[in-house]
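**Student:** only geometry, no sequence info:
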């Protein structure tokens, strides 16, 4: 098993973060989202987003290569008070089950410790992700919304 490093992202990580975002979307959501949505996912767009939003991000590095990342923010949900949100966590398939996801969540929890609640939105049909979040102590709270024609559900946990 490879060792990994978790550190705060910088603007210089944009290409690696963008690649992970792009590749993870293809690996995770092919078959879960309609083809017309998946066709719009491009490496160039993902790198552009990474360059525009380097803040509030941690990256996971194996052999000097970014293989995962997580982003956190104050919750965008107006019904949640004093809440943080893990708005993205992506890990390349080849590097899953190494503890990277748990390590990325841990640094996000630390950053979000000023909040009482932590929320995450997850595609309802993404059973692996829901299982991961449940293992991290998240519970479905009954709220849902539609993203790209698919239902997403909110899961929350108390900040620790």
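**Tutor:** Happy to help now that I have it. It should be emphasised that the depicted structure is a prediction, and the values quoted were computed from it without experimental measurement.
**Student:** partner residues bridging the nearest residue to residue 134 once chain neighbours are set aside?
**Tutor:** Counting by CB to CB, 6 or more residues apart in numbering, residue 134 lies nearest to residue 155, which is 7.8 Å off, once chain neighbours are set aside. For glycine as for every other residue, the C-beta is placed from the backbone atoms N, C-alpha and C. Under DSSP bridges, the beta-bridge partners of residue 155 are residue 120, residue 140.
**Student:** Am I right that residue 155 is in contact with residue 136?
**Tutor:** No - counting by CB atoms under 8 Å, residue 155 stays clear of residue 136, with 9.1 Å between them.
**Student:** Now do the helices in the chain.
**Tutor:** Applying DSSP state H to the chain gives helices spanning 14-29, 35-38, 43-52, 100-111, 127-135.
**Student:** Of all those helices, which one comes closest to residue 92?
**Tutor:** helix 14-29 (5.9 Å; CB to CB).
**Student:** Need the contact partners of that closest one.
**Tutor:** Taking contacts as CB atoms under 8 Å, 6 or more residues apart in numbering, the residues outside helix 14-29 that touch it are 9, 38, 41-43, 45-51, 54, 57, 59, 65-69, 88, 90-93, 123, 126, 129.
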